[in-house]
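In: Return a 3D structure for these sequence lines:
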Amino acid sequence: MSGVTDALAVLPPQMRDPVLFAIPFFLLLLTLEWVAARKLEQVEADAGAPFGGYHRRDAVASLSMGLVSVATTAAWKFVALLGYAALYAYVAPWQLPSTQWYTWVIAIVGVDLGFYLYHRMAHRVRVVWATHQAHHSSEYYNFATALRQKWNNSGEILVWIPLPLLGVPPWMVFFAFSLNLIYQFWVHTERVDKLWRPFEFIFNTPSHHRVHHGRDPEYLDKNYGGILIIWDRLFGTFQPELFRPNYGLTKPVETYNIWKLQTHEYVAIARDVRSVSRLRDRLGYVFGPPGWAPRADRPVPAAAVRANG
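Out: The predicted structure is shown next:
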């Protein structure tokens with residue numbers, strides 16, 4: 001710990017406390033993620049065969065991606081923490097007290113709203129989808145899937161910038177993210193049916209999040225909420241669970257190789273960009289929604305075919 005303190009001594013005094021305060025929460029979150037991964041690994045070993053919605057190779061891939069994300073997420077968060085601390089110390093017009101209840105409300109609700117906005121963008125902007133799609137690549141839905149995490153957290157880091165600018169202490173931003181992440185773990189299950197209606201109305205639940213992981217047309221791009229589902233109700237992206245979803249990507253990636261699962265969409269983007277010459281089309285392949293194609297290459301909708309026939 002003294003080595004960390006010595007390294008932080010090079011920072012301006014206004015930035016030292018937020019960084020030091022955040023370190024225990026980093027360690028707590030990483031420890032929880034590690035313990036959860038080890039527990040699920042033991043469950044798989046005890047089962048000895050696909051059981052309860054698990055497939056061994058699929059679960060191992062999910063757990064492996066989760067364990068790698070422990071390191072990558074720590075690195076991204078450390079970089080973000082330095083930037084947040086600078087904004088909090090030098091740019092924010094005021095600094096909210098961590099001892100007041102309203103600061104906690106702003107932090108927790110603000111992080112959740114930021115997650116909704118990032119999550120929605122991740123499904124509608126292809127280059128951001130490339131960072132997120134690995135989480136959706138499993139055709140199973142269980143607690144192991146919850147650990148099938150991305151290795152690039154840059155999008156989330158950017159959407160939380162308003163919080164330190166509003167004077168929320170950076171360590172509280174990351175603590176609120178830890179709460180958000182821990183909450184989302186339990187919604188990745190088929191074992192829990194619909195819950196008490198008032199709870200279902202306000203909070204994200206297994207039923208709501210099963211919809212989000214479905215590749216059925218009725219379920220695509222719905223239910224982006226982290227802790228609260230009210231964002232989806234407010235912004236028109238809510239969809240109730242009507243039937244058991246078919247899980248995974250609309251174009252499945254037939255591999256358990258975790259590197260390919262994480263990077264195949266980046267490779268596809270590069271291939272599509274090289275295939276066209278117009279700048280507009282190249283930008284469309286990068287920043288358009290997943291599945292975007294230049295107008296001349298887009299398939300004619302089936303409804304139009306029937307109408308013209």
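In: what about Thr131, distance to Thr99?
Out: Distance of Thr131 to Thr99, given as CB to CB, to the nearest Å: 36 Å. Every C-beta, even on glycine, is put in place using the N, C-alpha and C of the backbone.
In: With neighbour numbers in mind, choose between the two.
Out: Looking at Thr131 and Thr99 with other CB atoms under 10 Å, you find the greater number of neighbours at Thr131, namely 20 against 7.
In: Strands of this structure, start to end?
Out: Taking DSSP state E to define them, one finds no strands in the chain.
In: Give me the neighbour count for Arg274.
Out: When counting by other CB under 10 Å, one arrives at 10 neighbours for Arg274.
In: Against Ala74, how distant is Val168?
Out: 21 Å.
In: er, Leu165 I mean
Out: 24 Å.
In: Wait, Ala92 touches Ile161, no?
Out: No. Contact status for Ala92 versus Ile161: not in contact, 11.0 Å apart, counting by CB atoms under 8 Å.
In: low pLDDT regions in the stretch 201-309 of the chain?
Out: Low-confidence regions of the stretch 201-309 of the chain, defined here as pLDDT under 70, cover residues 296-309.
In: if we go to 50?
Out: Counting by pLDDT under 50, the stretch 201-309 of the chain contains low-confidence residues at 300-309.
In: residue boundaries of the helices in it?
Out: Along the stretch 201-309 of the chain, the stretches classed as helices by DSSP state H, counting those that start in this stretch are 206-213, 230-235, 258-274, 279-287, 302-308.
In: tell me the angle of the fourth one relative to helix 258-274?
Out: What that stands for is helix 279-287. For helix 279-287 against helix 258-274, the angle between stretch directions is 160 degrees (axes from the mean of the first three to the mean of the last three CA atoms, to 10 degrees).
In: Can you work out which other helices and strands pack against helix 279-287?
Out: helix 126-132, helix 258-274 (3 or more CB pairs under 8 Å, 6 or more residues apart in numbering; DSSP states H and E).
In: can you put these in a markdown table and add distance to Ser178?
Out: As requested, the helices and strands packed on helix 279-287 are exported to a markdown table (distance: least, CB to CB, whole Å):
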| stretch | distance to Ser178 |
| --- | --- |
| helix 126-132 | 19 |
| helix 258-274 | 23 |
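In: Can you tell me which of these is packed in deepest?
Out: For those, the stretch with the most neighbours on average is helix 126-132, a mean of 20; neighbours defined as mean count of other CB atoms under 10 Å.
In: what sits up against it?
Out: Surrounding helix 126-132, the residues in contact under the criterion CB atoms under 8 Å, 6 or more residues apart in numbering are 118-119, 121-123, 150-152, 154-155, 265-266, 269, 285-290, 292.
In: avg pLDDT for that helix?
Out: Confidence over helix 126-132, taken as the mean pLDDT, stands at 94.
In: Only C-alpha atoms, please: export that helix in CSV.
Out: Listed in CSV are the C-alpha atoms of helix 126-132, where the atom choice follows Å, rounded to 0.1, in the frame of the first residue of the first chain:
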residue,chain,number,x,y,z
ARG,A,126,-22.1,-0.3,-34.3
VAL,A,127,-18.6,0.7,-33.1
VAL,A,128,-20.0,0.8,-29.5
TRP,A,129,-21.9,-2.4,-30.1
ALA,A,130,-18.6,-4.1,-31.0
THR,A,131,-17.5,-3.5,-27.3
HIS,A,132,-20.8,-4.8,-25.9
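In: what about Val168 and Ala74, which has more around it?
Out: Neighbours of Val168 and Ala74, each counted by other CB under 10 Å, are more numerous for Val168; the result is 25 against 16.
In: Would you tell me which of the helices of the stretch 201-309 of the chain gets closest to Phe175?
Out: Smallest distance to Phe175 across the helices of the stretch 201-309 of the chain (CB to CB): 20.5 Å, for helix 230-235.
In: for the closest one, which positions count as buried?
Out: Buried residues in helix 230-235, counting neighbours by 16 or more other CB atoms under 10 Å, are found at 230-232.
In: wait, which of those is closest to Tyr84?
Out: Trp231 (22.6 Å).
In: Settle this for me: that closest one is touching Tyr116, isn't it.
Out: Yes. Look at Trp231 against Tyr116 with CB under 8 Å: they come within range, at 4.1 Å.
In: Identify the contacts common to these two.
Out: In terms of CB under 8 Å, 6+ apart, Trp231 and Tyr116 are both contacted by the residues 224-225.
In: related to what we said a few turns ago, and Ser62, which of the helices and strands packed on helix 279-287 is closest to it?
Out: Relative to Ser62, the nearest member of the helices and strands packed on helix 279-287 by CB to CB is helix 258-274, separated by 8.9 Å.
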